[in-house]
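In: what's the 3D shape of this:
(4 chains)
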There are 4 protein chains.
Amino acid sequence: MSPLNVTVWNEYRHEKVDDVVADVYPDGIHVVIADALKQQGFSVQTATLDEPEHGLTDDLLSKTDVLIWWGHMAHQDVQDEIVDRVHKRVMEGMGLIVLHSGHFSKIFKKLMGTTCNLKWREIGEKERVFVVEPGHPIASGLGEYFEVPHAEMYGERFDIPEPDTLVFISWFEGGNVFRSGCCYHRGAGKVFYFRPGHETYRIFYQPEVQLVIKNAVKWAAPSGGPTVTFGHRPDPLENVG
Amino acid sequence: MSPLNVTVWNEYRHEKVDDVVADVYPDGIHVVIADALKQQGFSVQTATLDEPEHGLTDDLLSKTDVLIWWGHMAHQDVQDEIVDRVHKRVMEGMGLIVLHSGHFSKIFKKLMGTTCNLKWREIGEKERVFVVEPGHPIASGLGEYFEVPHAEMYGERFDIPEPDTLVFISWFEGGNVFRSGCCYHRGAGKVFYFRPGHETYRIFYQPEVQLVIKNAVKWAAPSGGPTVTFGHRPDPLENVG
Amino acid sequence: MSPLNVTVWNEYRHEKVDDVVADVYPDGIHVVIADALKQQGFSVQTATLDEPEHGLTDDLLSKTDVLIWWGHMAHQDVQDEIVDRVHKRVMEGMGLIVLHSGHFSKIFKKLMGTTCNLKWREIGEKERVFVVEPGHPIASGLGEYFEVPHAEMYGERFDIPEPDTLVFISWFEGGNVFRSGCCYHRGAGKVFYFRPGHETYRIFYQPEVQLVIKNAVKWAAPSGGPTVTFGHRPDPLENVG
Amino acid sequence: MSPLNVTVWNEYRHEKVDDVVADVYPDGIHVVIADALKQQGFSVQTATLDEPEHGLTDDLLSKTDVLIWWGHMAHQDVQDEIVDRVHKRVMEGMGLIVLHSGHFSKIFKKLMGTTCNLKWREIGEKERVFVVEPGHPIASGLGEYFEVPHAEMYGERFDIPEPDTLVFISWFEGGNVFRSGCCYHRGAGKVFYFRPGHETYRIFYQPEVQLVIKNAVKWAAPSGGPTVTFGHRPDPLENVG
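Out: A predicted model of the protein is given here:
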């Protein structure tokens, strides 16, 4: 069986202009995530905002089993045409994993149909991520919870549709909670939102976070179901009358 | 308690140009639905595509508890700005009931995040609508199923997110099935998709169909929950550190 | 319209043998809850473990729209026959609201099909209950969250089926989270689990807690759907062959 | 990676006393299912009602990844102690696949918490099984629907909790519909109910049916999540006070 094709997409701007960010992710967040996934045996590509077509050519997308999305300060610079292209591929069955501040990306909002808004705070507080659905494959290899020592807080109400399956809930030191691992079927594709992650904390180097992303790739990969067709069916399947 | 404010929106074009349609719904589908709801004690307004702002002014929408949506041949003529206005009101808590061919309206697709596509056939076959969640208030007053003698078929795969609650499943004489009553929370609003209905059959005069729409209005009405706020919360609710 | 008939069931033992409990709930927890509901205009009965048939006679249950359940130290003393009787009524459409330690009652475990186990701690820590589904009627009248100053902690993993709708998530000072407001359709009935509450804290006097219980009664009440029938149907609804 | 351990359980009585049944399944339904799964590379055991402990010893269950359950005329002869043993293993993570008339087995009813009742008819009518969630792995390799030429009808209302994911809906020639493929998380385990199957039709020889069972085994297998612990946690995870 050939390995899954994963494309890691990163806005990749903050790392180029901010020393603090560059210090943590000198080659960009996408490279850290891509390296972790390569070690798991996936076939991994990267793509970034400032490449032509944001790096998300028809050719690359058509070969991508699972797309990972990270962005946080330039969501508006993503062209609608490319968003539609990604959306179409999710409808066809491509998996999509949206990380942390990607909650406000055009593609996630388009897939959810809601504002995807939330409360946030950036004081480096502790986060504890609890597994609430231990039988879900995305929880594979985890303990009952894991901790992120310093995190940007995201707090409820998180304005999303109720997940098909809620896998994680986060506790925050500053007094908030958040639905941190949310699974959705959309079209023939599978979408996973994962809260942890940040551009100035080393969260994407954390083994539990990398493990969840690996598990999510496997879960979100196309599963070979029927090619769905739509439209006019003038002839009934049974005699009518 | 003052009565719920319901606005019935209709594309209202087909009735003006097609004798067959005009014969069934001489004043427009919206009028038939509005009249049925008025008899239930609701305060009912109507609005149509060719009015300024499609009749959906900020003022009207701000007073609307539940909006009912019917359209089938002019979805593309609905301005994006008005779609966004309706969407914003659903996020704030306004209920939305989408009828039959409204599955392909801009507002429903925007709220669902999927193509909302399906299979269809128009040979006047029989439909039998089964209640699969008898404890749901939208099933109030119904029997175990009801029949639509002549219907346009809609068939699965219906490309929607799995409903929060699935209330009805339809059987079709021609050999298909369909998820015909689908409840969703979106933002602070509630959305109900109801399949039965058509412009050339007398389905909107049928007592069971009118009953379901009445029930859905009550279910979808704003329920007085918290006003949700979003954004930066620099001060934690608890001491951190 | 006649008022809803609510029956508040209480184990009612701890209050009779423990001074600390008796000091907080001198007439029993059921009386405090019943009084709060009476003030809302409901018709309220109470029933307790040590009455004949635990007070849950066929006659009382047949008239009960919504049953509220509290127990914490004598779950095993509830007779299986009475549990089956309550279960049958839920299948028929009676609402059931299970409070706090009622998570370990026979009736709740029977309805959920899982162990309903959890982690717990009793050091009087702070709880903050967040509304995560603001459009749900059980959140009516609440703010974005409410606080319980001193609570027994219940922590995830809470071994329940994923709720049909998750309305509340609790944050605990000691570092845990919990799904605190869980809605289920079971049979023709509706079930709501609500976490807050305790026998030695004044939680059932708290206005937000009383408000949630009131909202839940309205939500869980039978909604007049079809009487469901089962079994052999030798004659098809359509001609076969 | 060692192959998944699958145990196929069959009541195995009808085959021994009824010539018509014996003619279709001479060695028992379990053997046909087991043979199909062996060809897929699974490690397969069988167990039947009239063996000691119904063949479901602690030892066998502890090694079983996924248990497949078939029964239809002797549900009451399954000992409660064995039901509890299977239930405990599902809570721990063992997968369970319940076939056709297994809907009325003690273990399925215990896991669902409802009556699991339905309407049925046995006139050999046609069934058409539609995929409604094409991205789910249980739909892998299927077309948009498949047909069972002669089936016993099961009709809604099917008295089950709303599935976590609904994968299939069946259309019946005689005019009914049914939720035919239902996924549930229960405890740390995964449960799949699959409607097609019968003791006097050759349904379990049908390639699509065997394919679904294979897919379901993979989906329901334990996924290596956290070992969940419960009970008293006197020490908070964070300082309280």
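In: please count neighbours and contacts with C-alpha atoms only from this point.
Out: OK.
In: strands paired with the longest strand that chain A contains, and their directions?
Out: The longest strand of chain A (DSSP state E) is strand A:119-131. Take DSSP bridges as the rule and strand A:119-131 pairs in its sheet with strand A:145-155 (antiparallel), strand A:165-172 (antiparallel), strand B:231-232 (parallel).
In: ranking the ones you listed by burial, who's on top?
Out: strand A:165-172 (a mean of 25; mean count of other Cα atoms under 10 Å in any protein chain shown).
In: what does that strand rub up against?
Out: A:125-134, A:136, A:138-139, A:153, A:177-184, C:162, C:171, C:175-177, D:164 (Cα atoms under 8 Å, 6 or more residues apart in numbering or on different chains).
In: any idea of the pLDDT on residue A:2?
Out: Looking at residue A:2, its pLDDT reads 88.
In: ok but it is inside a strand, no?
Out: No - remark: residue A:2 does not belong to a strand; assigned using DSSP: H, G, I helix; E, B strand; the rest coil, it is coil.
In: contact partners for it?
Out: Residue A:2 neighbours (Cα under 8 Å, 6+ apart): none.
In: same check on residue A:196?
Out: Residues in contact with residue A:196 (Cα under 8 Å, 6+ apart) are A:99-100, A:148, A:151, A:180, A:203, A:209.
In: how near is it to residue A:70?
Out: 11 Å (Cα to Cα, to the nearest Å).
In: one step back: closest one of the contacts of residue A:196 to residue C:50?
Out: Closest approach to residue C:50 among those (Cα to Cα): residue A:180, at 44.7 Å.
In: does that closest one count as helix, strand or coil?
Out: Assignment for residue A:180 (three-state DSSP): strand.
In: and it, what does it touch?
Out: With contact taken as Cα under 8 Å, 6+ apart, residue A:180 is in contact with A:129, A:167-170, A:193-196.
In: give the residues shared as contacts by residue A:196 and residue A:70.
Out: Common contact partners of residue A:196 and residue A:70 (Cα under 8 Å, 6+ apart): A:99-100.
In: what element comes up after the lowest-mean-pLDDT helix or strand in chain A heading to the C-terminus?
Out: Least confident element among the helices and strands of chain A, by mean pLDDT, DSSP states H and E: helix A:14-17 (a mean of 89). Next helix or strand after helix A:14-17 toward the C-terminus (DSSP states H and E): helix A:19-24.
In: correct me, but residue A:49 touches residue A:12?
Out: Yes - taking Cα atoms under 8 Å as the contact criterion, residue A:49 and residue A:12 are neighbours in contact, 6.7 Å apart.
In: any weak-confidence spans in chain A?
Out: In the predicted model, chain A carries pLDDT under 70 at residues A:1.
In: what residues does it put near chain D?
Out: For chain A, the residues in contact with chain D (Cα under 8 Å from any Cα of the partner chain) are A:93, A:133-144, A:164-165, A:185, A:187-190, A:222-228.
In: can you select the buried ones from those residues in PyMOL?
Out: This is how PyMOL selects the buried members of the residues of chain A next to chain D, with burial counted by 16 or more other Cα atoms under 10 Å in any protein chain shown:
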select buried, chain A and resi 93+133+134+135+136+137+138+139+140+141+142+144+164+165+185+187+188+189+190+222+223+224+225+226+228
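In: of the residues of chain A next to chain D, which belong to helices?
Out: With helices taken from DSSP state H, there is no overlap with the residues of chain A next to chain D.
In: now the strands for chain A?
Out: A:5-10, A:43-48, A:66-70, A:95-99, A:119-131, A:145-155, A:165-172, A:177-186, A:189-194, A:231-232.
In: show me what the first one is packed up against.
Out: Pointing back at strand A:5-10 there. Packed against strand A:5-10 by the contact rule (3 or more Cα pairs under 8 Å, 6 or more residues apart in numbering or on different chains; DSSP states H and E) you find helix A:29-38, strand A:43-48, strand A:66-70.
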